[in-house]
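Enquirer: I would like the atomic coordinates for the input below:
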Amino acid sequence: MVATGDYQAAEKKFEVSRRMLEVCLELGFPVSVLERSPLVVRDLELIREINARAPSVVFFSMISAPDSPSYERVREMENLAPRMEKRYAAMEQDVGLIYRTMGPAGPRVWRGLRTWGRGWRRWLRI
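Expert: Residues are numbered from 1 along each chain as shown. Sure, this is the predicted structure:
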């Protein structure tokens, strides 16, 4: 299994993670992507193709929800990471993959996900 979480700003230009995923597709390796960046959406079709050959999953790292009382404090801690709203929007790009979240899943986070929009239970398997 190949695990990656490399969607940094430079990935947009150099596409190193994408090339690595192409090798995984060619060799039939399963892939696990743990990411904060919505840039992973660029490669979802490729990950879906890998998933057809070998089990693959995309994890999104989230430790808060926009309507959480601690959201602004979390934004300060994650000031260089993409905003939670962008991560949620990335998860809405359903191409047949199973999305999961990583991070503290306290009641405030789940309450935020439930109020964010429809369909979250399907993706998060709550």
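Enquirer: quick one: pLDDT of the nearest residue to Gly28 once chain neighbours are set aside?
Expert: Nearest residue to Gly28 in three dimensions, chain neighbours excluded: Arg53, at 4.8 Å (CB to CB, 6 or more residues apart in numbering). From N, CA and C alone the C-beta is placed, and that goes for glycine too. pLDDT for Arg53: 93.
Enquirer: could you report the neighbour count for Arg53?
Expert: Counted with other CB atoms under 10 Å, residues neighbouring Arg53 total 14.
Enquirer: swap in Leu80?
Expert: For Leu80, the neighbour count with other CB under 10 Å is 7.
Enquirer: ok, it - contacts?
Expert: Contact criterion CB atoms under 8 Å, 6 or more residues apart in numbering gives no residues in contact with Leu80.
Enquirer: doesn't it belong to a helix?
Expert: No. Counting by DSSP: H, G, I helix; E, B strand; the rest coil, Leu80 is not part of a helix but coil.
Enquirer: tell me how far it lies from Leu46.
Expert: Between Leu80 and Leu46 the computed distance is 26 Å (CB to CB, to the nearest Å).
Enquirer: now Leu39
Expert: From Leu39 over to Leu46 (counting by CB to CB), the distance is 13 Å.
Enquirer: now swap in Glu72 and tell me
Expert: 35 Å.
Enquirer: who's more crowded, these two?
Expert: Taking other CB under 10 Å, Glu72 and Leu46 do not tie; Leu46 has more neighbours (18 against 9).
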